[in-house]
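Participant: kindly return the folded structure for what I paste below:
(chains A, B, C, D and E, ligands or ions: 4)
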Amino acid sequence: MNGSTQSRRRKGSGALSLFLKNPKALVGLIIFAIFLIMAVFAPLIAPYNPQSTNFTPMQGPSATNWFGTTSLGQDVFSQFVWGARTSMVVGIGAGVGGTLIAILVGVTAGYRRGVTDSILNAISNIFLVLPGLALLIIIESYVKNTTPYLNGLIIALTGWAWGARVFRSMAMTIASRDFIAAAQLSGASTLRIMFAEIVPNMTSVIVANLMYASLGAILAESGLAYLGFENIASSSWGVMLYWASTQGAMMGGAWWWFVPPGLAIALVGTSFALMNFAMDEVTNPRLRSAKRKKAVKKMLAELNEQRRKEHGDRPEQPGVAN
Amino acid sequence: MRYFLNRVGFLLLSLWAAMTLNFVLPRMMPGNPAEAMMAKFQGQLSPQALTALEKQFGLTNGPILVQYFDYMRSMLTGHWGLSFSYYPTKVTTIMSTSLPWTLGLLGIVTLISVAFGTLVGILIAWKRGGVADGIIPIVTMFLQAIPGFWLALVMVYFLGFKLGWFPMAHSYGNSVQVGYNVNYLFSIMNHGFMPAVVVFLGGVSGWIIGMRNNMMTTLGEDYVVFAEAKGVSKSRLIFAYAARNALLPQLTSLAIALSSIIGGQILIEQVFSYQGIGYQLTSAVSNEDYPLIQAMFLVIAVTALVINFIVDMLYGRLDPRVRRGGATS
Amino acid sequence: MVTDPNNPVLQIEDLSVAYVTNDGFVNAVNDINLTLYPGEIVGLVGESGSGKSTMANAIMRLLKGDAIVTKGRVKILGRDVYEMSEKQLRQFRWSKMSMVFQSAMSALNPVMTVETQILDTLTSHDKSMTKAQALERAKELMNLVRIDTKHLKSYPHELSGGMRQRVVIAIAIALNPSFVIMDEPTTALDVVVQRSILNEIRRIQEKVGFAILFVSHDFSLVAELASRVAIMYAGRVVEMTPSNTLSLMASEKHHPYTIGLLEAIPELTADEVIITGIPGNPPNLRTLPSGCAFHPRCPFAEEICTKERPVAVTVGPSDIECHLYSGKGMKQHV
Amino acid sequence: AGLTASAATAGQPIAIQTGPNGNFQDNFNPYSSTADPGTDGLIYETLFYFDNISGKTFDVLGNSFKFSHGNKVVTVNLHPNVKWSDGTPFTAQDVVFSFDQLKKYPAADANGVWTQLQSVKAVGKNQVVFTFKAPNGPFAEQYVLGGTYIVPQHIWKSLGDPTKVSVTKPVGTGPYELSSFSPQLYKLTANPSYYRGVSKVPEVDFPAYSSNASADLALAKGDLQWTGIDIPNIQQTFVKADPAHNHYWFPPSNVVQLYTNLKDPLLSQKAVREAMSLAIDRNKLSAEGETGYELPAVPTSLVMPNNKAWLDPKLPKQYNSFSYNSTAAEKILTQAGFKKDSKGIMAKGGKELSFTLDVVAGWSDWDEDALLIKQELSQIGIGVNVNQMQFGAYYNAIAPAKPAKPNYQLAISWTNTGPTPYTLYYNMLDPNGNFNVPQFNDPSVTGWLNDFARTANPARQRMDIFKIQSYFAQNLPAIPLLFGATWYEYNDANYTGWPTQKNPWINPAPYTYQAAAIVLEHLKPVK
Amino acid sequence: MSDANQPLLRVEDLVVRFPIAGRQYIRPVDGVSFAIAPGEVLSLVGESGSGKSTIGKALVRMVEPAGGTIEVNGQDVTHIRGRRIKDYRENVQMVFQDPFGSLNPVRTVEQHLAFPLRKHRMDKTVNVNAKIDELLEKVGLTPVADTRQKFPHELSGGQRQRVAIARALAVNPKFVVADEPISMLDVSIRAGILKLMNDLRADMNLAFLYITHDLASARYIGNRIMVLYGGKVMETAPSDELLRHPSHPYTRLLLAATPGSRHQGDLPETSNTAPNLVEGRRGCPFASRCPLVTSECHEVEPALTTLGDNHSVACHHPA
Ligand SMILES: Nc1ncnc2c1ncn2[C@@H]1O[C@H](COP(=O)(O)OP(=O)(O)OP(=O)(O)O)[C@@H](O)[C@H]1O
Ligand SMILES: Nc1ncnc2c1ncn2[C@@H]1O[C@H](COP(=O)(O)OP(=O)(O)OP(=O)(O)O)[C@@H](O)[C@H]1O
Ligand SMILES: [Mg+2]
Ligand SMILES: [Mg+2]
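Facilitator: Ligands and ions are numbered 1, 2, ... in the order given. I've put the predicted structure just below:
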């Protein structure tokens, strides 16, 4: 708890330094940033219209078509770039949406307890239990013409339960702390207590949930698209895979069509996970200590060695510093 | 006892809610099962058939409440009826031909990945800061982030089609004698290998990282330090003191993992043409096969709730602190 | 059991310990020298965060997390703890030196019975011990700390705080060590329970005869139990004094911090009650004040205090690190 | 079912895949629309088979049939010496019983034969007389003689409602018998006492696949010999694997239409439909949407070349094929009084030519077609919003079956075809037609259709079709897009005699069940 | 302010019960009565689990009493809810036991104070900012400008406890429950808090219920001391009187355990079992540990009897 608040204190530099200090998280951040840039500037980066069918179909990578062409003669690289936009929006959007619902449900249940808790808990259990994909399909069939964004929304609507569970137990712990009682005494409303007192204390858990929910959403969206539950005119990595698969890209040897979207999904997913390592270390300071201690030990040993050379006396155990 | 009754009551409440949702959801879908059936035939069937189908399925427009009570009664009495999309096959027959395969494959893989992930998590937490601790979580994380169906397609194509190392489809070889014999068993394992690998890679990272983080927490607990100080052997320290306690929070995840098994893995079943419940469930949903959807959702909900219940109870057994009173989560 | 008084059980020489953090070193223990003789009880007091537990852990070579020993050595029965191999250490620790952790609540594994935890201690040091023997010894220990042996089958949460603390003490003395560190063994407890545990400790110590380093921040408690008391401030032992000097009534000379502590205790029986706290805040261990670390809060501080770190001088029966007594650049106050 | 062990070892089995369908359920009930492939045709048989591609008629259980009484009565002579696979002789009573079942259990009457039939009577052992309420030759042929499977009375009379039983040990008259079943594979073996001679293909296997991709791989690997799936890039993925033996042929079997809801005030204007039709580049749809597997349709909506014989030789040239001309299309609209509004959409009287186009989500070729149509129509100022729907919702929207429907503006869908163009025209254009998606109703067309159904005179029938085709080409009640393909891939390493493009003697798809049985009968092992 | 004879707070026969396993209830507070006058400090001592905090929480209505009455300024507040509870809490506040848990780690000192000030100010013209400064000044957290921006983890335990007190004062209460405000703190810091409370009482005529198990501080700050055991009042007396003439065996046990007390000595105890709190118990709660126990003690609950001079005790064998 202390760790997270300390990091908050030194905002600005804090969040960034958290990443800079952690190579894993830094790599994650860089990968993420690359795809984010691709997503934001898709219209500038993509050389062609992703849908237009102007090229020789099924050509391997070349100077004009960096990632080759599809069976309809579309530029795979342009689709890939636009796909980044869709997938990132869906992933992050569904991640954020799902996390918001999870916060709302989880914190309410954890704070209010009693009947509210029982009902909300039952609901989240049901959402946890019902097979997500089947539920998605049912909803899909209801809303015609699903775009990836709509799918993202649906994924958020169906995928919040796990987070709610985590948040609930977290909120329960926090709610039992005295500062919550003190806030009640000073006349704070339930909403205020939930969102101004409890939620800010769960930042690291929320961020972690956000990362995993986003990863899950990207995977779910690609799965849905692959199953054909998405407007196939959209440009998303999932739809690319759908087309690649229905057009026999793999059997036809068109790896350039099939590999990039799959790999990109994996990379974005990994970047979320990597960035989460930074968060992990905030929640759990023990995770970071081992390495640092090792480094310092080494440093001390070197210092010792140096002194011994200078003074010619035997090294002190376990080391002299200051 | 009170705790127990409390949990049972909660279980029943959730069950009822799940069943009601189960009734409402499919009926909210536009169209009706007979119309959805037409998709199978892409116009090969005359529209007269639609009327015939509607008659067969007994689709009535009776008051929704009456339908609801009928539904509840038949669900509870085990009269799950005949599937629409495989009319007139019994819903139970369909489930009994696919569920065992799903349970077998996913159940075993889940148990393996839990066992493996937990063990690896324990070990890398113990050797924290080491090379394995640096690499394993990232590699498995990457593997987990690959869409399962994509990996499956690549494997089928290269290992199955190109190299011929593994069969590309089905749960066992079509030439083997079904029954308790070595060939059959071997064939099942041979066919299950690739799907198993995909499912394994899709989940193991969570177990590794979850266990590692829990271990990190327990390793810092005073009682572990105390145990180390008092000189308990290393293995006992790791497994009896640290890991045992770190395992407890994993139980909840295990419950969810186990309960999600029963929904199957549609994408993977589809790529490997594996005989599983996921495909049946998905096609039941697309075909608006109410009886099948309802029965499957019921089984899924009951299993999940029961597993959660068992885990709750187990939690009580494993953690003496919650044996009396108090919620576990 | 009782060794030569010239042969100390514990010798700490120039010990310094630091925590490595993102923002640099936290110097929790600085240049400590301390010696304990067989059968002796020495108190270690100092306010929260003054480095008491850190020092205790360093003695046991149990520093966790980011703590490292930056200087000095620790010898138990003449052997340097930090020169032992891991295996030697595992054998040595607990059979010669043991420790009662600061919070007994968390020192016991919540999911194991008391019996298992005691037996673990016994059997991991003596592989030849049979289960029956170990159980016999466990019962003996339970009797020693006056807990009904039926509680061997209990889980920690089924015991009251006092009982848990006793179990931890039982585990600490299970192997008849020569030296036990007790890190605030009673802080979390009720006054009545606290008292009865102290009595227990005294009784057992008289019987078994190990030396105790008793860590606490409760002055009156330590003064009663120990023969000598070390007073810690900002990671340094600023005074070492016989416990009978520790009363406002006693006219002995003390470190200003010690005086502050004494004045802060509400007296139960005095007619007129005036208590005064020590002004200011505990020091930041990352950036210790220059010179004497206590100078920002010291009513007697002079310029020299901000510049030069005082060295210990013997004043009466006590050793004190303070410029008041070092005779350097100070007007005589006390 | 008797096993023919010797035959099974003699020749290689043929593995068939009719389309991805997950696990099989053990059900070989010909009354069930979800019976396993092969139930119809291979195990149970119809009286005759009328092929929609070759236009030919094949005898099955029937030997011959004759219309009489102004086409109201059909007399069928049955094949003598037919036995059920359990050894019981097959008689006219079985035929009468099979039809009576449909009457008794309307839920089983998927073709609605009793909406037209008056009675079915046996005359002796080998003759059956069908009497209709009104003369309707095409219906009698397609559904009564060609679409009703005959079941053994001695078994089914005690089964009760035939739609509610799972048949796991089918007894039929067909060339094959069920020999083993598992959810992932079932096997049929040749009926040793088949009345037309034992099939040269001793065993037919039906393995289950859950996705096209999975079946494609199996086919390319040689695990399947006969399939009916849409395989992309087929030359690369299938033929290349074994060019000598891997073949495919995708003959047209129906017409894919852009249906326009004629109840819509804008779409009911001929100019609008004409402009749309002109603005759609069917060659592009064919090449890009259908990867060249389906060719552009023709203005008459006849299925070419299947319906070659029915084409009016005097039909004006411009109706032989569609042309693509977006400028002309735009001109038609302008002449009809439409003007582009601020959004660039053609409008008249404040009504914009802006429509939603319904397609089935996941039917990727149509989805692609729809997108191309959207692009092209937008060029002439017609706004299209493509609506990809789950099949149930889609069918619900376009199906003409219920009074409150349909409920769509534009939709891509199929046509129902039969041995003559009548089936297509009747179903689409008759108010009682089964698939009158456009909501078309013109008494003159209805009159020609009725005339066709009533008369037994082929020349008069041709005249009727001529009138309808030219009406269709002029008025475009629906906008024909492409010829819907029949999917057919096969491997002729072990057997010869497959239907080919050069010898299109029958519908070659394995899912056209009675045809499939006839194909199997004609296969011969390679020496 | 009401006159000194009219108690600010009167508690009569207060009972609190909590459900435990097996459909049973415990009564951590069982028939407790007391009164506190404006500007008075009542010290509540007793061992851990004797129901001290529960009484405190009942007073601020964080728990609902199962029986008895709580009157503040003559108004019965035992079972009020909703709006009225909010109004009521402007008069009473509580400072929680744990200085580490009672401040929200992610909020600054300023934020902690601003909300109650804004919420409870009488008229909108009051400058909240100035008020914060004034409060911080009052509890001695200077320099104010510095303190305002600090997060709890940047404060020492004593400073945190002062913020907690400042927060309670922000509401402008007449009565504060201070629940063991110093038990977790260092000796040196404890003194500061006690002094602060003393000052507040003197300057603002605040009344306190001071909960502790440390007799020395109870005496230091309290006008009267009430000894609680097993949810019942064992003995009440003015502070000096109680320390000089402890009459209940439990009070004497407490004194014996307190260093520096003239009663210090060996602990006269027969066992150290915790008292039975389960509803339906009989006799004196201290009977199981009492050295003077007789069979009567196990059967009959001793009534609180007056020894004179505001000193009353509930014991069959008072000294
Ligand atoms: N892991 C750590 N990282 C950084 N600083 C630490 C760490 N652990 C302890 N410290 C700091 O080291 C100093 C000494 O801590 P220690 O626990 O030894 O104090 P203590 O005297 O035992 O206090 P208490 O009486 O509260 O137990 C404290 O200022 C503390 O903030
Ligand atoms: N919400 C609750 N539910 C059930 N039991 C409770 C609850 N709150 C307190 N108790 C029980 O009531 C008894 C009295 O608790 P209380 O916190 O009032 O004691 P206390 O005198 O303040 O102790 P301490 O000195 O340890 O703070 C204890 O046995 C406690 O376990
Ligand atoms: Mg400590
Ligand atoms: Mg309390």
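Participant: measure the residue of the stretch 1-150 of chain E found nearest ligand 3 to residue E:163 for me?
Facilitator: The stretch 1-150 of chain E approaches ligand 3 most closely through residue E:100 (14.5 Å), counting by Cβ to the ion. (Each C-beta comes from the backbone N, C-alpha and C, glycine too.) According to Cβ to Cβ, to the nearest Å, residue E:100 stands 12 Å off from residue E:163.
Participant: picking that back up, pretty sure the residue of the stretch 1-150 of chain E closest to ligand 3 sits in a helix.
Facilitator: No: assignment of residue E:100 by DSSP: H, G, I helix; E, B strand; the rest coil gives coil, placing it outside any helix.
Participant: can you report how many residues lie near it?
Facilitator: Using other Cβ atoms under 10 Å in any protein chain shown, residue E:100 has 17 other residues around it.
Participant: what residues are shared contacts of residue E:100 and residue E:163?
Facilitator: Residues touching both residue E:100 and residue E:163 (Cβ atoms under 8 Å, 6 or more residues apart in numbering or on different chains): residue E:152.
Participant: what distance do you get for the residue of the stretch 1-150 of chain E closest to ligand 3 to residue D:399?
Facilitator: Taken as Cβ to Cβ, the span from residue E:100 to residue D:399 is 69 Å.
Participant: and the stretch 151-300 of chain A, which residues reach chain D?
Facilitator: Within the stretch 151-300 of chain A, the positions near chain D by Cβ under 8 Å from any Cβ of the partner chain are A:227-233, A:242-243, A:245-248, A:251-253.
Participant: now, these that are in helices?
Facilitator: In helices, defined here by DSSP state H, the members of these are A:227, A:242-243, A:245-246.
Participant: distance of the residue nearest in space to the middle of chain A from residue A:92?
Facilitator: By Cα atoms, centre = their mean, the mean C-alpha position of chain A lies nearest to residue A:211, the distance being 2.5 Å. Using Cβ to Cβ, residue A:211 is found at 10 Å from residue A:92.
Participant: quick revisit: helix or strand for the residue nearest to the centre of chain A, which one?
Facilitator: Using DSSP states H and E, residue A:211 falls within helix A:203-227.
Participant: that helix vs chain C: in contact?
Facilitator: No: against chain C, helix A:203-227 shows no contacts by Cβ under 8 Å from any Cβ, the least distance being 15.9 Å.
Participant: may I ask you to name the longest helix in chain E?
Facilitator: Per DSSP H, chain E has its longest helix at helix E:187-204.
Participant: partner strands of the helix or strand following that helix, with direction?
Facilitator: Once helix E:187-204 ends, the next helix or strand along the chain (criterion: DSSP H and E) is strand E:207-211. Counting by DSSP bridges, the strands paired with strand E:207-211 are strand E:41-46 (parallel), strand E:175-179 (parallel).
Participant: of those strands, which is nearest residue C:315?
Facilitator: Comparing those by their distance to residue C:315 (Cβ to Cβ), the top pick is strand E:41-46, with 38.8 Å.
Participant: averaged pLDDT, the closest one. What do you get?
Facilitator: In this model, strand E:41-46 has an average pLDDT of 93.
Participant: what packs against the next helix or strand after it?
Facilitator: Counting by DSSP H and E, the next helix or strand C-terminal to strand E:41-46 is helix E:52-59. In terms of contacts (3 or more Cβ pairs under 8 Å, 6 or more residues apart in numbering or on different chains; DSSP states H and E), helix E:52-59 is packed against strand E:9-20, strand E:24-36, strand E:41-46, strand E:92-95, strand E:175-179, strand E:207-211.
Participant: can you put those in TSV and add mean neighbour count?
Facilitator: Shown next, in TSV, are these (neighbours: other Cβ atoms under 10 Å in any protein chain shown):
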stretch	mean neighbour count
strand E:9-20	18
strand E:24-36	19
strand E:41-46	26
strand E:92-95	27
strand E:175-179	26
strand E:207-211	26
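Participant: what about the stretch 201-322 of chain A, any weak spots by pLDDT?
Facilitator: A:280-297, A:299-300, A:302-322 (pLDDT under 70).
Participant: recalculate using a threshold of 50.
Facilitator: Applying pLDDT under 50 to the stretch 201-322 of chain A picks out residues A:313-322.
Participant: what's the answer for chain D, then?
Facilitator: D:1-9.
Participant: pull the longest helix from it.
Facilitator: Chain D, longest helix under DSSP H: helix D:458-475.
Participant: close to chain A, is the next helix or strand after it?
Facilitator: Downstream of helix D:458-475, the next assigned helix or strand under DSSP H and E is strand D:478-485. No: using Cβ under 8 Å from any Cβ, strand D:478-485 never reaches chain A; the gap is at least 15.5 Å.
Participant: what packs against strand D:478-485?
Facilitator: Applying 3+ Cβ pairs under 8 Å, 6+ apart, we find strand D:478-485 packed against strand D:252-260, helix D:270-279.
Participant: and the ones you listed, which is most packed in?
Facilitator: strand D:252-260 (a mean of 25; mean count of other Cβ atoms under 10 Å in any protein chain shown).
Participant: what helices or strands is that one leaning on?
Facilitator: helix D:270-279, helix D:364-379, strand D:410-413, helix D:421-429, strand D:478-485.
Participant: now find how far off-centre it is within its chain.
Facilitator: Centroid separation between strand D:252-260 and its chain, computed with Cα atoms, centre = their mean, to the nearest Å, is 12 Å.
Participant: tell me the pLDDT of whatever residue of the stretch 151-300 of chain E ends up closest to chain A.
Facilitator: With Cβ to the nearest Cβ, the shortest gap between the stretch 151-300 of chain E and chain A falls at residue E:153, namely 5.2 Å. The model reports residue E:153 with a pLDDT of 80.
Participant: related to what we said a few turns ago, can you redo the helices and strands packed on strand D:478-485 as a markdown table with distance to ligand 1?
Facilitator: Formatted as a markdown table, those follow (distance: least, Cβ to the nearest ligand atom, whole Å):
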| stretch | distance to ligand 1 |
| --- | --- |
| strand D:252-260 | 73 |
| helix D:270-279 | 75 |
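Participant: list the contacts of the residue nearest to the centre of chain A.
Facilitator: A:95, A:272-273, A:275-276, A:279.
Participant: against residue C:18, how distant is it?
Facilitator: For residue A:211, the distance to residue C:18 - Cβ to Cβ - is 34 Å.
Participant: now do residue A:80
Facilitator: Counting by Cβ to Cβ, the gap from residue A:80 to residue C:18 is 51 Å.
Participant: and if you look at residue D:256?
Facilitator: In terms of Cβ to Cβ, residue D:256 sits 80 Å off from residue C:18.
Participant: mind checking the longest helix of chain B?
Facilitator: Per DSSP H, chain B has its longest helix at helix B:182-219.
Participant: return the angle between stretch directions for the longest helix seen in chain A and helix A:203-227.
Facilitator: Counting by DSSP H, the longest helix found in chain A is helix A:76-112. Using axes from the mean of the first three to the mean of the last three Cα atoms, to 10 degrees, the inter-axis angle of helix A:76-112 relative to helix A:203-227 is 130 degrees.
Participant: helix A:76-112 close to chain B?
Facilitator: No: using Cβ under 8 Å from any Cβ, we find that helix A:76-112 stays clear of chain B, coming within 9.7 Å at best.
Participant: following that helix, which helix or strand shows up next?
Facilitator: Criterion used, DSSP H and E; the element after helix A:76-112 is helix A:114-129.
Participant: and residue D:68, how many neighbours?
Facilitator: 11.
Participant: isn't it right up against residue D:130?
Facilitator: No: counting by Cβ atoms under 8 Å, residue D:68 stays clear of residue D:130, with 10.6 Å between them.
Participant: list residues touching both of these two?
Facilitator: Common neighbours of residue D:68 and residue D:130 (Cβ under 8 Å, 6+ apart) are D:74-75.
Participant: so which bits of stretch E:90-110 are buried?
Facilitator: Using 16 or more other Cβ atoms under 10 Å in any protein chain shown as the test for burial, stretch E:90-110 gives E:90-110.
Participant: swap in stretch C:282-299?
Facilitator: Buried residues in stretch C:282-299, counted by 16+ other Cβ under 10 Å: C:282-283, C:285, C:288-289, C:291-295, C:297-298.
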